[in-house]
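Based on what follows, work out the 3D shape:
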Amino acid sequence: MPEIPEPLQPASPEPTPKAPRIDHALLLLTLAAFVVRALYLLLEPHCGPTGDEPSWIALGIHELGRPRRGLDPLRVKFVFYPPLYPYFIAVLYRMFGTLAAVQWVQAAIGSLLVPAVGRVGIAAFGRRAGLLAGAFVALYPDLIWFSGRFWSETLFMVFLWWAVERTLKADASRSTRAAAVAGLLFGLAVLTRELALYLAPIAALWLLRPAVSWRPSPHALRRAAALLLGLVVVVAPWTLRNAIVFKAFIPVSTMGGLNLWQGNTLTLNHLQIYEITDQIEGPVAQDRYCRRMAWESIRDRQPLWIFEKLRSQMPEFWKAGSEIVDQMVGRKACGPLPARTRILLEIVTVGPWLLLLGPFLLGLARVRWNAAGALLVALLAAYNLAHVVALATTRYRLPVVPVVFMVAAALLVGLRQGGLHPLRGWRLAFFVALCVVAVFTLAPGLPELDVWQQLVGG
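Alright, predicted model coming up:
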């Protein structure tokens with residue numbers, strides 16, 4: 001009797017290897033970033049605080065450090081500055097009794113910007129570009145310097161870019177939980193610098209973009225709602241505190257009104273504005289007055305207002321400069337510096353910015369864009385426009401400098417590996433237009449540099 005063959009069993013599929021939870025390359029870059037920041041803290045010259053630093057320190061140590069008031073938000077009276085950074089200083093100072101603790105914790109937190117930007121870069125432009133962008137973050141002089149100074153930039157950037165990273169994660173994995181975490185992080189960024197309040201809705205709208213039809217899916221609606229809900233959960237308690245203490249609707253702080261007036265008046269400098277506002281009793285009345293005067297100035301400058309603002313503020317935002325140079329040379333934080341030291345400082349701080357701008361501009365024309373890259377460009381444009389409308393400095397551009405890093409990294413990787421769009425037709429015309437705009441934007445700031453003076457024989 002012939003053998004009856006056994007039925008064929010389907011071959012068991014080979015297990016799919018799981019992606020490692022820890023990206024070891026990003027981990028090494030993060031450790032390198034912390035080492036560099038630690039070395040800076042150990043070797044930095046002993047310079048006094050300048051600019052807004054004394055205000056942040058005073059809020060953290062004196063305003064929040066008063067024995068009878070403590071950290072109770074209902075008993076402290078500040079509202080001009082967002083609250084998170086003063087509380088950050090106050091808590092660490094109370095725990096350790098020294099401002100050095102603030103600097104060391106800040107250095108550790110600042111190094112966490114590397115994996116955030118690296119992961120965003122990987123999502124937008126691929127692994128090699130993301131890692132290269134993370135390396136730029138680890139070694140960029142301004143980011144190293146800010147990690148040891150008493151400004152809110154370091155905390156703000158970490159919250160902002162992890163919020164962007166979680167937004168991309170929520171979209172890629174269709175995770176409502178990741179979207180909610182993104183909202184919480186956006187909320188922390190808002191409490192550090194209020195401008196993030198206007199960036200979070202852009203991320204929510206990006207989550208709503210239709211994939212196939214013109215209508216967003218119910219899942220996309222849930223993710224966008226989760227992001228906005230997370231934002232509200234974090235920000236609303238401070239808004240409620242402002243309503244209780246100041247009897248007014250102030251979402252976070254009153255800084256925006258003064259900056260809006262300062263950036264749009266043609267007749268007053270910032271010292272004169274401070275003299276006027278000091279004569280008005282109460283921060284709420286001061287804020288309302290500043291906003292009224294700002295909108296009157298904007299109205300009086302129509303219809304050319306936006307063109308005048310682009311001409312005046314774009315060079316301030318993008319110019320060949322650095323907050324380090326402004327502090328060390330302009331404000332003389334370490335005392336007068338000899339010409340040779342000033343030139344070396346400009347080469348070390350301004351040089352990397354100019355070296356990355358070229359690949360960034362070419363990358364805008366040549367890299368291949370996906371949805372994640374489009375979000376980055378939208379955030380950069382919105383952030384830039386906000387400072388054109390109000391007030392721009394080289395310090396204010398720092399939070400969106402990672403976009404420059406990522407696009408430049410994508411271009412450099414693409415030049416080596418291929419995959420870039422050819423530079424012809426409208427792309428060539430676009431790149432030429434970008435270069436023309438860059439020349440007119442960078443030129444006004446060049447005479448401020450000692451290096452430029454040496455080159456032109458000034």
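
from here on, contacts and neighbour counts on C-alpha atoms
Will do.

And stretch 310-324, end to end?
With C-alpha to C-alpha, to the nearest Å as the measure, stretch 310-324 spans 24 Å from end to end.

Return the set of buried residues in that stretch.
By 16 or more other C-alpha atoms under 10 Å, the buried positions in stretch 310-324 come out as 310, 312-324.

Give me the subset of those lying in helices.
Judged by DSSP state H, the buried residues of stretch 310-324 include Leu310, Ser312, Gln313, Met314, Pro315, Glu316, Phe317, Trp318, Glu323, Ile324 as members of helices.

And the lowest mean pLDDT element among the helices and strands of the chain?
Lowest mean confidence among the helices and strands of the chain (mean pLDDT, DSSP states H and E): helix 450-456, at a mean of 88.

Pull the residues that contact that helix.
Ala339, Arg342, Ile343, Glu346, Ile347, Leu446, Pro447 (C-alpha atoms under 8 Å, 6 or more residues apart in numbering).

For it, list every residue counted as buried.
Going by 16+ other C-alpha under 10 Å, helix 450-456 has these buried residues: Asp450, Val451.

May I have it as CSV, with CA atoms only?
Output in CSV follows, covering the C-alpha atoms of helix 450-456 (Å, rounded to 0.1, in the frame of the first residue of the first chain):
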residue,chain,number,x,y,z
ASP,A,450,36.7,92.6,13.8
VAL,A,451,37.5,89.8,11.3
TRP,A,452,35.7,91.7,8.6
GLN,A,453,37.4,94.9,9.5
GLN,A,454,40.8,93.2,9.1
LEU,A,455,39.8,91.7,5.8
VAL,A,456,38.7,95.0,4.3
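
How far away from the center of its chain is it?
30 Å (C-alpha atoms, centre = their mean, to the nearest Å).

Same question for stretch 119-138.
Distance, centroid of stretch 119-138 to centroid of chain: 16 Å (C-alpha atoms, centre = their mean).

Tell me how far Ala365 lies from Val456.
For Ala365 relative to Val456 (C-alpha to C-alpha), the value is 32 Å.

Where do the strands of this protein begin and end?
For the chain, no strands are identified by DSSP state E.

Nearest to Leu42, out of the buried residues of stretch 310-324: which one, please.
Ile324 (17.5 Å; C-alpha to C-alpha).

For the closest one, give its distance to Leu31.
24 Å.

tell me the two of the ones in helices among the buried residues of stretch 310-324 that are most distant?
Farthest pair in those, by C-alpha to C-alpha: Leu310 and Ile324, 24.4 Å.

Can you lay out the ones in helices among the buried residues of stretch 310-324 as TSV showing distance to Pro86 and pLDDT?
As requested, those are exported to TSV (distance: C-alpha to C-alpha, whole Å; pLDDT from 0 to 100):
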residue	distance to Pro86	pLDDT
Leu310	33	95
Ser312	32	93
Gln313	29	95
Met314	30	95
Pro315	31	94
Glu316	27	94
Phe317	26	95
Trp318	29	96
Glu323	21	90
Ile324	22	92
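
Adding distance to Arg177 as columns, could you present the residues you listed in JSON lines?
As requested, these are exported to JSON lines (distance: C-alpha to C-alpha, whole Å):
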{"residue": "Leu310", "distance to Arg177": "39"}
{"residue": "Ser312", "distance to Arg177": "42"}
{"residue": "Gln313", "distance to Arg177": "39"}
{"residue": "Met314", "distance to Arg177": "38"}
{"residue": "Pro315", "distance to Arg177": "40"}
{"residue": "Glu316", "distance to Arg177": "39"}
{"residue": "Phe317", "distance to Arg177": "35"}
{"residue": "Trp318", "distance to Arg177": "36"}
{"residue": "Glu323", "distance to Arg177": "37"}
{"residue": "Ile324", "distance to Arg177": "39"}
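
burial count for Glu63?
Residues lying near Glu63 (other C-alpha atoms under 10 Å) number 21.

Once you drop chain neighbours, what's closest to it?
Val76 (6.8 Å; C-alpha to C-alpha, 6 or more residues apart in numbering).

hang on, the earlier thing: now restrict the contacts of helix 450-456 to buried residues only.
If we count by 16+ other C-alpha under 10 Å, the contacts of helix 450-456 have these buried: Arg342, Ile343, Glu346, Ile347.

Restricted to helices, list the residues you listed.
Taking DSSP H, the ones among the buried ones among the contacts of helix 450-456 that sit in helices are Arg342, Ile343, Glu346, Ile347.

ok, of these, which one's closest to Leu195?
Checking those against Leu195 with C-alpha to C-alpha, the nearest one is Glu346 at 28.9 Å.

I figured that closest one hits Gln327, correct?
No: using C-alpha atoms under 8 Å, Glu346 is not in contact with Gln327; the gap is 12.0 Å.

How many residues are close by the residue nearest to Pro45 when sequence neighbours are not counted?
Spatial nearest neighbour of Pro45, excluding adjacent residues (C-alpha to C-alpha, 6+ apart): Cys334 at 7.6 Å. If you count neighbours by other C-alpha under 10 Å, Cys334 ends up with 15.
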